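K.L.:
Here is my input, please return the structure:
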Amino acid sequence: MKAAPYPEPQSDRVTLRRIFKLWSPLALSWLCMALELPLITAVVGRMASPEVQMAAIGSIAFPLALLIEGPVVMMLSASTALCRDRQSLQRVRRYAMTLGIGLSGVHALVCFPALYNPLVGDLIGATPLVQAAGHPALWAMIPWTAAIAYRRFHQGILIRAERGTHVTQGTLFRLLGDVVVLSLCYHFEIPGALTAGLALSVGVCCEALFVGWVVRPSVRELEIIEQGPAGPIDLPRFVRFYAPLAVTPILGFMAMPLGAAAMNRLPFSIESLAVWQALHGLVFVPRSLALAYNEVVIRLSEVRGSLRPLMNFSRILALSNTALLGVFALSPWGVWLFESMFDMHPTLAVLGAAGLLCSLPQPGLMAGQSFHLGWLVGHGQTGAITKSMLIFLGCAVGGMLLALRFGHEPGLIYVAGSFSLATLAQVTWLSLCSRPSRLAVASLEADSD
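P.N.:
From the prediction side, this is the model:
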């Protein structure tokens with residue numbers, strides 16, 4: 001499905017200031033979301049049997065919920081790109097909620113012992129204690145996927161209306177819900193894994209309810225428009241547009257387990273795995289600033305004259321993100337960060353700093369990825385996005401296989417380096433795919449001038 005270059009011509013110019021105004025609250029929202037899991041982990045770690053409870057939420061409930069939720073993750077991009085009039089609003093909402101409720105139904109089925117026991121016991125290989133602790137946590141997370149589908153659909157409408165501040169406010173409500181549940185469960189000595197599952201569910205439901213409330217004026221504005229220039233959106237057209245987006249997060253979730261599997265087979269496996277989660281969390285902070293740019297590009301790519309300022313902002317974001325991580329990756333502060341923040345032994349801190357250096361290109365590349373991905377989604381070319389993720393996984397696996405064959409250094413270094421090279425390959429592919437539409441738009445803008 002190819003959208004017209006400018007389905008909604010606007011008189012407002014796209015300036016760096018306008019881009020920043022839309023991007024900044026979304027970036028803040030991503031940063032706030034990054035606090036949720038550390039907050040939950042900190043509380044569960046202070047409850048009874050912390051090792052078993054954290055293993056249950058970290059290896060069973062949360063990964064399974066993420067896997068089931070995967071197809072609705074990109075509903076934010078779809079809503080931002082497609083909801084341009086009353087008909088598209090109603091139909092995309094119907095598709096989003098059908099998918100979300102259906103996947104929550106799948107989640108509920110997985111909770112029944114007939115599926116849960118062989119999946120968790122045989123396939124995942126959890127110990128009986130961890131398996132028992134993870135079961136009630138998975139039950140508690142049944143509403144999670146439906147709430148996320150509802151929330152991300154309406155967040156897309158807020159972004160289309162350029163009311164990103166409400167998105168940040170919703171994330172704060174989510175954290176508030178987390179805090180209330182965690183406090184109550186800690187006081188009444190609820191098991192840690194169940195506490196985490198309840199906090200995740202209640203938090204995202206609070207956010208969904210808030211977003212559903214504040215989005216009403218934006219919904220009314222769309223309902224006034226009978227039918228936009230992009231034409232009606234029926235089910236086949238939506239499936240062609242959304243199916244590649246739905247598959248992409250599921251493929252992306254495979255990267256972390258593959259990296260952990262590679263490190264288990266490389267030198268210094270225990271040390272590498274001990275640092276892996278902390279490294280991922282640190283690199284995620286500047287990467288999240290770039291992730292927030294994706295929907296900004298989707299929203300503004302349809303506005304005449306947007307190409308050059310969007311590209312300029314992505315370059316500024318790439319340089320800023322690289323500089324932010326480089327302050328620690330290229331100085332002794334990297335070692336200090338792992339020692340002070342994560343209380344790691346100096347040997348592990350040095351390994352973490354080396355991993356930080358190998359990950360240095362990733363936040364900058366993520367800015368380019370968000371630009372090209374947003375541009376492709378905004379112009380209806382979603383098929384290239386799934387292919388780009390396959391390229392990423394292929395290059396990452398290739399790099400890790402080479403490390404398994406020839407590597408003698410700690411596995412963390414090879415995995416972090418493989419992910420950086422794979423991200424470069426992915427961004428290069430996305431750039432090549434977006435090039436024809438960018439050239440067409442540049443030519444159109446030049447002719448109009």
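K.L.:
how about the helices in the stretch 1-150 of the chain?
P.N.:
Here the stretch 1-150 of the chain has its helices, by DSSP state H, counting those that start in this stretch, at 16-33, 36-44, 50-56, 62-69, 75-82, 86-111, 113-116, 128-140, 144-160.
K.L.:
Now do the same contact list for F62.
P.N.:
Neighbour list for F62: A196, L200 [criterion: Cβ atoms under 8 Å, 6 or more residues apart in numbering]. Backbone N, C-alpha and C define where each C-beta goes, glycine included.
K.L.:
Tell me how the chain divides into domains.
P.N.:
With domains defined by automatic domain parsing, the chain comprises 1-13+254-449, 35-240.
K.L.:
start to end distance for the last one?
P.N.:
This means domain 35-240. End-to-end distance for domain 35-240: 35 Å, by Cα to Cα, to the nearest Å.
K.L.:
For the domains of the chain, could you give me CSV that also reports mean pLDDT?
P.N.:
Shown next, in CSV, are the domains of the chain (pLDDT from 0 to 100):
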stretch, mean pLDDT
domain 1-13+254-449, 86
domain 35-240, 90
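K.L.:
Out of these, flag the one nearest K21.
P.N.:
Comparison of the domains of the chain against K21 by Cβ to Cβ identifies domain 35-240 as nearest, at 7.7 Å.
K.L.:
what's the offset of the closest one from the middle of its chain?
P.N.:
How far domain 35-240 lies from its chain's middle: 12 Å, per Cα atoms, centre = their mean, to the nearest Å.
K.L.:
same thing with stretch 389-407?
P.N.:
Computed by Cα atoms, centre = their mean, the separation of stretch 389-407 from the middle of its chain amounts to 22 Å.
K.L.:
Give the buried residues for it.
P.N.:
Across stretch 389-407, burial judged by 16 or more other Cβ atoms under 10 Å covers M389, I391, F392, L393, C395, A396, V397, G399, M400, A403, G407.
K.L.:
For it, which outside residues touch it?
P.N.:
Identification of contacts with stretch 389-407 by Cβ under 8 Å, 6+ apart yields 247-248, 251-252, 254-255, 258-259, 262, 265-267, 411, 414-415, 417-419, 421-423, 425-426, 429.
K.L.:
From these, keep the buried residues only.
P.N.:
With neighbours counted by 16+ other Cβ under 10 Å, those contain buried members at 247-248, 255, 258-259, 262, 266-267, 411, 414-415, 417-419, 421-423, 425-426, 429.
K.L.:
Among the residues you listed, which lie within helices?
P.N.:
Applying DSSP state H to these, the entries found in helices are 247-248, 255, 258-259, 262, 411, 414-415, 417-419, 421-423, 425-426, 429.
K.L.:
Could you dump the helices of the stretch 1-150 of the chain into JSON lines and include distance to S306?
P.N.:
Shown next, in JSON lines, are the helices of the stretch 1-150 of the chain (distance: least, Cβ to Cβ, whole Å):
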{"stretch": "helix 16-33", "distance to S306": "9"}
{"stretch": "helix 36-44", "distance to S306": "33"}
{"stretch": "helix 50-56", "distance to S306": "45"}
{"stretch": "helix 62-69", "distance to S306": "31"}
{"stretch": "helix 75-82", "distance to S306": "14"}
{"stretch": "helix 86-111", "distance to S306": "21"}
{"stretch": "helix 113-116", "distance to S306": "47"}
{"stretch": "helix 128-140", "distance to S306": "43"}
{"stretch": "helix 144-160", "distance to S306": "14"}
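K.L.:
Out of the ones you listed, flag the one nearest N294.
P.N.:
Of all the helices of the stretch 1-150 of the chain, helix 75-82 comes closest under Cβ to Cβ, at 6.7 Å.
K.L.:
Tell me what angle that closest one forms with helix 16-33.
P.N.:
Here the directions of helix 75-82 and helix 16-33 differ by 160 degrees (axes from the mean of the first three to the mean of the last three Cα atoms, to 10 degrees).
K.L.:
for helix 75-82, packing partners?
P.N.:
Counting by 3 or more Cβ pairs under 8 Å, 6 or more residues apart in numbering; DSSP states H and E, the packing neighbours recorded for helix 75-82 are helix 86-111, helix 144-160, helix 235-252, helix 293-300, helix 361-378.
K.L.:
Kind regards, and thank you for your time.
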